[in-house]
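Q: attaching a predicted model along with its sequence, questions to come.
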Amino acid sequence: MSGVVLWVVCPKEINTNSLVPLLPRNGVPIRRSKMWSSSSFSASKLSFSSGVSAYSGTVANPQRSSEEKVYEVVLKQAALVREQRITRKEKKALGLIETDKTTNWDLLNEAYDRCGEVCAEYAKTFYLVWCRRTDELVDGPNASHITPKALDRWENRLTDLFEGRPFDMYDAALSHTVSTYPVDIQPFKDMIEGMRLDLRKSRYKNFDELYLYCYYVAGTVGLMSVPVMGISPESKASTESVYNAALALGIANQLTNILRDVGEDARRGRIYLPQDELARAGLSDEDIFRGKVTDKWRSFMKGQIKRARMFFEEAEKGVAELNAASRWPVWASLLIYRQILDAIEVNDYDNFTKRAYVGKAKKFLSLPVSYARALIGPSTVS
Ligand SMILES: CC(C)=CCC/C(C)=C/CC/C(C)=C/CC/C(C)=C/COP(=O)(O)OP(=O)(O)O
């Protein structure tokens, strides 16, 4: 699958017109989702105004919910698109936009090719090369040597490449991408923050805390991808709403990943499940470590799967707004990853000893379905 999905994130394959669609559109009122506080989701009656411990990444005010904090980033990304539009317009008027004659295109093309190779080698489902490398820091073979200091150095390298001083070939490709598309540094910084969190935290008090973690490690990927994929010129949706859908897809994917890997994570002493919801279901950490599928566990899992599906549904609303070239791979990745949830059900919720996966046949079958869905572009009715 990586070939298809790579296409989602590899800027080289994206039509360069994809910047245009990020230009003026009628603003549709901002709609914010409060999925887990919805009364339709019984497992999630959370005190989500109780505040999150003071993570240093996105914000400092502990009174606000994680959703509110993350939404600020969404608004910032959307504003950046408008800002870039204005600066480009001004520069164009002044005749300042010209092709950069100093760029070494051969080297840059080689850098992009190398990024493609990394994706082909490592990505089973999806990934941007920089995200994979960041993830490798805390999950790879050298993970035990990774310190907060090493992450600080990684962040300095990130700042350098955003300022046009790449350290290596891979950084050079990303440096070029972020100077070409309206990509902000914040989601990248937040992803590093997620890695810091992983170094010091192995329990999540409630869904509000888990949501912030999911944003850091996966929602950020959605926010990084949309500026490169581009929004359709016909779209009447607000930039914010499309970014919001992208964020939801990242969260949905991460929640799915967590539910698939409960056993694997427990063997590393980690439980990425809301502690208060576990307690309400009559479950403890010991139950997770014991790994026995009971009725309590099944019922708990049903609630978690339901919530993950709600995030997928939220994400679905944004796909039609994307550029035509990006819709097929996004649909494919959404439909395929969501089937992991079905596989958990088929395994009778045994995510302790069985790894839920989507077989090749199901993946291939999803391609024509995704293709058909991708034909549907933005609604013409405003
Ligand atoms: C919906 C709209 C408007 C846009 C799409 C925006 C995108 C591309 C969002 C996707 C974000 C994303 C790919 C997040 C990554 C989340 C995740 C759990 C990745 C796991 O990756 P691997 O570790 O390779 O997965 P496997 O372990 O399953 O192979």
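A: Perfect, I can see it now.

Q: okay, now the unreliable bits of this protein?
A: Along the chain, the model assigns pLDDT under 70 to residues 1-62, 82, 84-102, 122-128, 381-382.

Q: mind doing that once more with 90?
A: Applying pLDDT under 90 to the chain flags the ranges 1-64, 77-147, 168-170, 182, 379-382.

Q: list phi and psi for the residue of the stretch 251-382 of the chain found nearest the ligand.
A: Using Cβ to the nearest ligand atom, the point where the stretch 251-382 of the chain gets nearest to the ligand is residue 318, with a distance of 3.3 Å. Glycine gets a C-beta too; all of them are placed from N, C-alpha and C. Per-residue torsions, residue 318: phi -100, psi -20 (degrees, to the nearest 10).

Q: go on, residue 204?
A: Taking degrees, to the nearest 10 as the convention, residue 204 sits at phi -130, psi 120.

Q: try the one 3 residues further on
A: Residue 207 adopts backbone torsions of phi -70, psi -30, taken as degrees, to the nearest 10.

Q: number of nearby residues for the spatially closest residue to it that is not a sequence neighbour?
A: Spatial nearest neighbour of residue 207, chain neighbours left out: residue 274 (4.6 Å); criterion: Cβ to Cβ, 6 or more residues apart in numbering. Using other Cβ atoms under 10 Å, residue 274 is surrounded by 25 other residues.

Q: ok, now which ones touch residue 274?
A: The contact partners of residue 274, by Cβ atoms under 8 Å, 6 or more residues apart in numbering, come to 46, 204-207, 209-210.

Q: turn those into a markdown table, including neighbour count.
A: Shown next, in a markdown table, are these (neighbours: other Cβ atoms under 10 Å):
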| residue | neighbour count |
| --- | --- |
| 46 | 20 |
| 204 | 25 |
| 205 | 14 |
| 206 | 19 |
| 207 | 28 |
| 209 | 23 |
| 210 | 23 |
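
Q: can you tell me which of those residues is closest to the ligand?
A: Comparing the contacts of residue 274 against the ligand with Cβ to the nearest ligand atom places residue 210 closest, at 13.4 Å.

Q: now residue 339: closest residue in space, sequence neighbours ignored.
A: Closest residue to residue 339 apart from its sequence neighbours, by Cβ to Cβ, 6+ apart: residue 358 at 4.5 Å.

Q: tally of neighbours for residue 164?
A: By the criterion of other Cβ under 10 Å, residue 164 has 11 neighbours.

Q: how about it: what's its closest non-neighbour residue?
A: Distance criterion Cβ to Cβ, 6+ apart; nearest residue to residue 164, sequence neighbours excluded, is residue 175 at 6.1 Å.

Q: burial count for the one you found?
A: Residues near residue 175, counting by other Cβ under 10 Å, number 20.

Q: do residue 221 as well
A: Neighbours around residue 221, by other Cβ under 10 Å: 23.

Q: sorry, back to before: let me know how buried the residue nearest to residue 339 is, in neighbour terms.
A: 19.

Q: distance of it relative to residue 365?
A: In this view, residue 358 and residue 365 are 10 Å apart by Cβ to Cβ, to the nearest Å.

Q: isn't residue 355 up against residue 257?
A: No. In this structure residue 355 lies outside contact range of residue 257 using Cβ atoms under 8 Å: 11.5 Å.

Q: what parts of the stretch 251-382 of the chain come near the ligand?
A: Within the stretch 251-382 of the chain, the residues that sit near the ligand (Cβ under 6 Å from any ligand atom) are 253-254, 257, 315, 318-319, 322, 330.

Q: hmm, try it at 8 Å
A: 253-254, 256-257, 260-261, 315-316, 318-319, 321-322, 326, 330, 333-334, 337, 340 (Cβ under 8 Å from any ligand atom).

Q: in what helix or strand does residue 293 lie?
A: Using DSSP states H and E, residue 293 is not contained in any helix or strand.

Q: please begin residue numbering at 278 from this point
A: Sounds good: first residue 278 from here, last item residue 570.

Q: what's the burial count for the closest residue to it other than its chain neighbours?
A: Leaving aside its sequence neighbours, residue 570 sits nearest to residue 627 (Cβ to Cβ, 6+ apart; 4.9 Å). Other residues near residue 627 come to 19 when the count uses other Cβ under 10 Å.

Q: you'd agree residue 627 is up against residue 575?
A: No. The pair residue 627 / residue 575 is not scored as a contact, 9.6 Å apart, by Cβ under 8 Å.

Q: which residue packs closest to the residue of the stretch 528-659 of the chain closest to the ligand, ignoring adjacent ones?
A: Using Cβ to Cβ, 6+ apart and skipping the chain neighbours, the partner closest in space to residue 595 is residue 522 (2.3 Å).

Q: report the secondary structure state of that neighbour.
A: What DSSP: H, G, I helix; E, B strand; the rest coil gives for residue 522 is helix.

Q: can you pull the contacts of it?
A: 499, 591-596, 598.

Q: buried subset of the residues you listed, written for ChimeraX?
A: Listed next is the ChimeraX selection for buried residues among the contacts of residue 522, using 16 or more other Cβ atoms under 10 Å:
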select :499,591,592,593,594,595,596,598
